[in-house]
Structures are given as C-alpha cells and as structure tokens.
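Trainee: take a look and give me a structure for this.
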Amino acid sequence: MKAPAVDQQGTTSATDSLEHSSTKREFWLLLFGLTLLYVFVLTIGNRRYVWYDELFTFDIARSPSLQQLWSRELKFDNHTPTGYLLSRLSMSVFGPTPFGLRLPSMIEFYVGSMAILLYVKRKASIGFAAVAVLMLWAGAPTLFYAVEARPYALIFASFACLLLSWDTAIRTHPRGLALFGIAISTLLMSAAHLFAPFTLFAFVAAEAVRYWRRREPDYALWAALFLPMLIMLIYIPLIRASEGVVFGGQASFGTMGKFFEDTLSAPVMFFVVLAALLVPQPRKDKAIRPGFSPEEFILLACLFLSPILVNLFLIHRQKAFVDRYGIASQAGILAALAIFLAYRFRLSRAAAWAASIVLLFFLLRNQVLHALRNPFAPNAAILASVQPKLPIVVGEGMVFMEMNHHEEPAVASRLYFLKDADASMRYVHSSFYQTFEAPDDMKAAGFPIPGKVEQYSSFVSQHRQFLLIGAPVQWVFIKLRLDGASIAYLDDFKDARPYTDTVLYLVTMPANTDPSQK
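Mentor: Model (predicted):
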C-alpha cells in the first residue's frame, strides 16, 4: 500500500487533532451545562416540604447515639443504616435543615448521572449520552430522588458507578482503579437497600456468561464483586423485624406493568423519537455497529428482569411495591434505550441534539415552570381557626406524622391518631400504623410527636363531636359510618397545606351508642 505523502500525513494528523479537541470541548461544555441545569432544578425542587418517609430519616439520623439510631431504624423503618449515617453527617455540618438532610442524595444523584453520561458516551456518542441523562431527569427515575432523603439516590449512584467500572474492567488494562470502583460500588449498593441483590444478580449473570465465553476465570474481578456482598448479613435482623407486617396496597401484576410504563414515560419518549426522526439521517450504507458483547446483553436483560423478580417476590411476601425499588433498573433501561436510539439514528449528532432539546423542554416544563407558576403558599392559620376547641382526628398515620412536624403547637396539641388493629385489618386489610410504625410506639421511643394516640373505642366514648382529616377509604372513616356517626364536610385546605389528606369533616357520634359493641 502506498503511504500518503508527508504533507498529507501532516494534514491528516492535524485534522484528527482538531476533531479530538472539538470532541473534548463539546464534552466539557455539555458537562458544564448539565451541572448548571442540575443545580438550578435542585434549587427549586428542594423547596418541597419534608414528607413522611424523609421524616424517618430526619428523626432517626438525629438519634442521640448510634446505638439508638440502629434500634430505631430496626424497629420502625427497616432500611439499612447507611442513609441515616450520611444524613447524620451532613446535618452535623449544615444543620437540621432540608438542605442538610438531603445533601447526600443531591451529591449521589449527580454522581450517578455523570457515570451514566460517561457510560453511554463510551458506547455511542456525546450527544446520545446527553439524551440518556436527560431521559433520567425528565422521565423516570426523575430528579425527585435527588431531593429526597432516602437511599434511592445512593442505589442509583452505586449502580451507575458499578456499571461504568465493570465495563472498564472487562475492556482495559491496567484496571486496578476499575476493580476498586467495582468493590466500592458493590459495597455501597449492598449497604444501601434490601433489594440490592436483585440488581447485583445482573452482574453475577453477566460474569457467568463472560466466564462461559472465555473459559478463563477472572478471580480479581470476582473478588471485587463478591466479597463486598458479605455486608448483606445486616439484612437478617431487618428482615426478621418486618415479619408479620401487612401492607394495604400490595404488589401485583398491575404494579409490575405500571413500573415499565412509568420508566419509559410514553409521552416523553414519543416526542423524543419524533424529534430524532425529523432530522435527516446519514447515508444508510455507513457501517455502524455497537460493540456489545454477550455478557453485556445478558446484563441489560437481567436489569429488565430485575423489577419483575422484585414484584414476584413481594407478591409472595404480601408486601407493597413502588417504582423506586427498581431505580437501578430504570437507569439501566434508559441508558440502553439511549444507546439503541443512537444506532437507530446512525449516531446522528443532529438527531441527538434534537432529542435533547425535546427532553430539556419536558424537564423545564414539568419540574421548573410548573413549580414557578404554581407556588405553594401554606397557610398555617387555617386549621387553627376551624372549631378551635374540638380535637382533630387524623385518619392516616402518614399525615398524622407530617402534621406533628409541620403544624404550629396550637394545632399539633389537638391532633389524635386512633388505633384499632382489628378494624384496620377488617376494613383495609393492613396493619400499617397499628402494629408497625405505630405513632404511640414511636412516641415512646423518643420521636418528637406532640399529638396524642388513643384507642378508637376510648376516644369516641369521650368525644361526641370532633374534626376528622381523612378520606372515605380509610378504616376510621368506614368504622365511624358503621357506628352511626354523622360525618359532615367542612372544607378542603389542599391549597393551604401540603398533605395527601386535606379534606376536613365534622363528626358527630350518635347518642347512647357504645362503639365497643360494634
């Protein structure tokens, strides 16, 4: 083959250098823009109030001692201690504020997003790496978990870093840093949540296929992947503590389907694909093939399977399933989708940036403009002004806990939560807030709960008239009707207070009725 002339070699080298420089500049500009966007959206998102689940993190993280922290979370929350310890450390520096409470999640979600960016950039291009990150932010799992003081941002971050580290370790040498990344990521994921094994199973399956294909053991990688999993031994007391808890909304095949519907965010994806299709595509004879190995296909397939297995497990255990349990799978599925789109559109930069603009529009509309156009203006005086001499019964344990933290002392001192485990099981098939996360048990354990907890029969025998915040589907509401109570609608304060239950009723018990005989 005839070598190019010297001047041609110089031109080729200069062209390659310019292209590399341009690509590098494009990457750093993208990273800078995404970081600014992330900080901007989080500044708005962090304004939302600290809700029920986060209050557990807040109160448990502020326990007087680490021994009490472990005792409280073992008895009341059944999460691993990692998230509480991180929030405890953050609040020791930034104070017991929403920012101090949520800062670990903010950092974790950003780290996870950047790991996905690097992974998809390696597999496709910078433009479609941006598509992957914006799909994560605009659809599911969304930036909601970046401003939630729970372990889900840590699960996402550790998964994304594990994915990037594993991909690096199976492709490059030397790989000491990649193996260290695998070990740390596996350790953090295992320590973050009880459902981590369902995600780690995907990497185990991928390694099994890789060994079968190569017929050569990779002891160093296996040690980095498997040894940190020993920390899962802490799951044993947590699982035992949750035995016997019956949830009202249990896992089902419906929750399984809803997970994938939410993950793919159908309206968003429709416009993303449409935007990419409207861009003229490169010549079809251009040879472009993704460099995926069989183990990578198995990894992505198992990530798709993981939420199905979690659902089936929870159906068997009669527990509830929510999308956040599969946050790692959501991230993996969306990253794979971005890579698929990249090769479907033949790595077209124009298609990638068109899709990114559409995703940016959805992100700003749903998480920025909506919040700015509909600012929440809480009115703390509204409850204090309604029948100020009557006690207030809160039908839902979650709302009762939130009101104890967010209401003024004059209102909090009037709050009551009623207990009747038999009625709760009979009418709503749940023991939640009755035998697990029961407000009276939490109050006895030192949680800051100024409201009162009483048995249903005792309370209604002493109070012929009281206010009720609740919904007709709750067991308290149902039992009051069966006991002959008159329940009159008073007001809905949804524009003044942030709780899920905001309808206020006036309850009048019938005369000469003994509810204990019902």
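Trainee: walk me through the domains of the protein.
Mentor: Annotated domains of the chain cover 17-234+256-373, 381-517 [automatic domain parsing].
Trainee: end-to-end on stretch 439-451?
Mentor: End-to-end distance for stretch 439-451, by CA to CA, to the nearest Å: 9 Å.
Trainee: and the contacts of it?
Mentor: For stretch 439-451, the surrounding residues in contact (CB atoms under 8 Å, 6 or more residues apart in numbering) are 59, 63-64, 68, 71-72, 75-76, 394, 397, 400-401, 403-405, 409, 412-417, 419, 433, 453. For every residue, glycine as well, the C-beta is placed using N, CA and C.
Trainee: buried set for that stretch?
Mentor: The neighbour-count check on stretch 439-451 (16 or more other CB atoms under 10 Å) flags 439, 440, 442, 443, 445, 447, 449, 451 as buried.
Trainee: inside helices: which ones of those residues?
Mentor: When the buried residues of stretch 439-451 are checked against helices (DSSP state H), the matches are 439, 440, 442, 443.
Trainee: redo the residues you listed as CSV? Include distance to residue 21 and pLDDT.
Mentor: Shown next, in CSV, are these (distance: CB to CB, whole Å; pLDDT from 0 to 100):
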residue, distance to residue 21, pLDDT
439, 62, 91
440, 66, 90
442, 59, 91
443, 63, 91
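Trainee: and those, which two are furthest apart?
Mentor: Largest separation among these by CB to CB: 440 and 442, giving 7.3 Å.
Trainee: re the thing from before, of the ones in helices among the buried residues of stretch 439-451, which is the nearest to residue 157?
Mentor: Distances from these to residue 157 were compared by CB to CB; the smallest belongs to residue 442, at 29.7 Å.
Trainee: for that closest one, give its distance to residue 415.
Mentor: Distance from residue 442 to residue 415, counting by CB to CB, to the nearest Å: 14 Å.
Trainee: next one: residue 505
Mentor: 15 Å.
Trainee: hmm, back to that, in strands, which of the contacts of stretch 439-451 fall?
Mentor: Within the contacts of stretch 439-451, residues falling in strands by DSSP state E are 394, 415, 416, 417, 419, 453.
Trainee: among these, the buried ones, what's the PyMOL command?
Mentor: Here is the PyMOL selection string for the buried members of the ones in strands among the contacts of stretch 439-451, based on 16+ other CB under 10 Å:
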select buried, resi 394+415+416+417+419+453
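Trainee: let me know whether residue 387 touches residue 506 as I believe.
Mentor: Yes. Using CB atoms under 8 Å, residue 387 makes contact with residue 506 at a distance of 7.2 Å.
Trainee: what do those two both touch?
Mentor: Counting by CB under 8 Å, 6+ apart, the shared contacts of residue 387 and residue 506 are residue 467.
Trainee: about what we covered before: report the two of the buried residues of stretch 439-451 separated the most.
Mentor: 445 and 451 (15.1 Å).
Trainee: quick one: closest of the domains of the chain to residue 250.
Mentor: Closest to residue 250 of these, according to CB to CB: domain 17-234+256-373, at 5.6 Å.
Trainee: centre of the chain versus the closest one, how much separation?
Mentor: Centroid separation for domain 17-234+256-373 versus its chain: 10 Å, with CA atoms, centre = their mean, to the nearest Å.
Trainee: what mean pLDDT does it have?
Mentor: The average pLDDT within domain 17-234+256-373 is 88.
Trainee: ok, stretch 398-414 next?
Mentor: Throughout stretch 398-414, pLDDT has a mean value of 92.
Trainee: what about the strands in the stretch 301-450 of the chain?
Mentor: Along the stretch 301-450 of the chain, counting by DSSP state E, counting those that start in this stretch, strands occupy 392-394, 415-419.
Trainee: nearest to residue 81, out of those?
Mentor: Closest to residue 81 of these is strand 415-419 (CB to CB; 27.1 Å).
Trainee: the closest one: partners in the sheet, and parallel or antiparallel?
Mentor: According to DSSP bridges, strand 415-419 forms sheet pairs with strand 392-394 (parallel), strand 452-455 (parallel).
Trainee: C-terminal to the last one, what's the next element?
Mentor: It stands for strand 452-455. helix 456-462 (DSSP states H and E).
Trainee: using PDB, write down the CA coordinates of that following helix.
Mentor: What follows is helix 456-462, C-alpha atoms only, in PDB (Å, rounded to 0.1, in the frame of the first residue of the first chain):
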ATOM      1  CA  TYR A 456     -60.800   4.200  68.900                       C
ATOM      2  CA  SER A 457     -63.400   3.000  71.400                       C
ATOM      3  CA  SER A 458     -62.000   5.000  74.200                       C
ATOM      4  CA  PHE A 459     -61.800   8.200  72.100                       C
ATOM      5  CA  VAL A 460     -65.300   8.100  70.700                       C
ATOM      6  CA  SER A 461     -66.800   7.300  74.100                       C
ATOM      7  CA  GLN A 462     -65.300  10.500  75.400                       C
END
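Trainee: for that helix, name the packing helices and strands.
Mentor: If you count contacts as 3 or more CB pairs under 8 Å, 6 or more residues apart in numbering; DSSP states H and E, helix 456-462 packs onto strand 415-419, helix 475-482.
Trainee: columns distance to residue 308 on top of those, output as JSON lines?
Mentor: As requested, the helices and strands packed on helix 456-462 are exported to JSON lines (distance: least, CB to CB, whole Å):
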{"stretch": "strand 415-419", "distance to residue 308": "37"}
{"stretch": "helix 475-482", "distance to residue 308": "32"}
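Trainee: of these, which is nearest residue 204?
Mentor: With distances scored as CB to CB, the stretch of these nearest to residue 204 is helix 475-482 (42.8 Å).
Trainee: the closest one - contacts with which helices or strands?
Mentor: Using 3+ CB pairs under 8 Å, 6+ apart, the elements in contact with helix 475-482 are helix 421-428, helix 456-462, strand 465-469, strand 486-492.
Trainee: cutoff 10 Å now
Mentor: For helix 475-482, the packing partners by 3 or more CB pairs under 10 Å, 6 or more residues apart in numbering; DSSP states H and E come out as strand 392-394, strand 415-419, helix 421-428, helix 456-462, strand 465-469, strand 486-492, strand 503-508.
Trainee: enumerate every residue touching the closest residue to residue 309 other than its chain neighbours.
Mentor: In space, and not counting its chain neighbours, residue 309 is closest to residue 198: 5.6 Å by CB to CB, 6 or more residues apart in numbering. Taking CB atoms under 10 Å, 6 or more residues apart in numbering, we find residue 198 in contact with 302-303, 305-310, 313, 325-326, 328-329.
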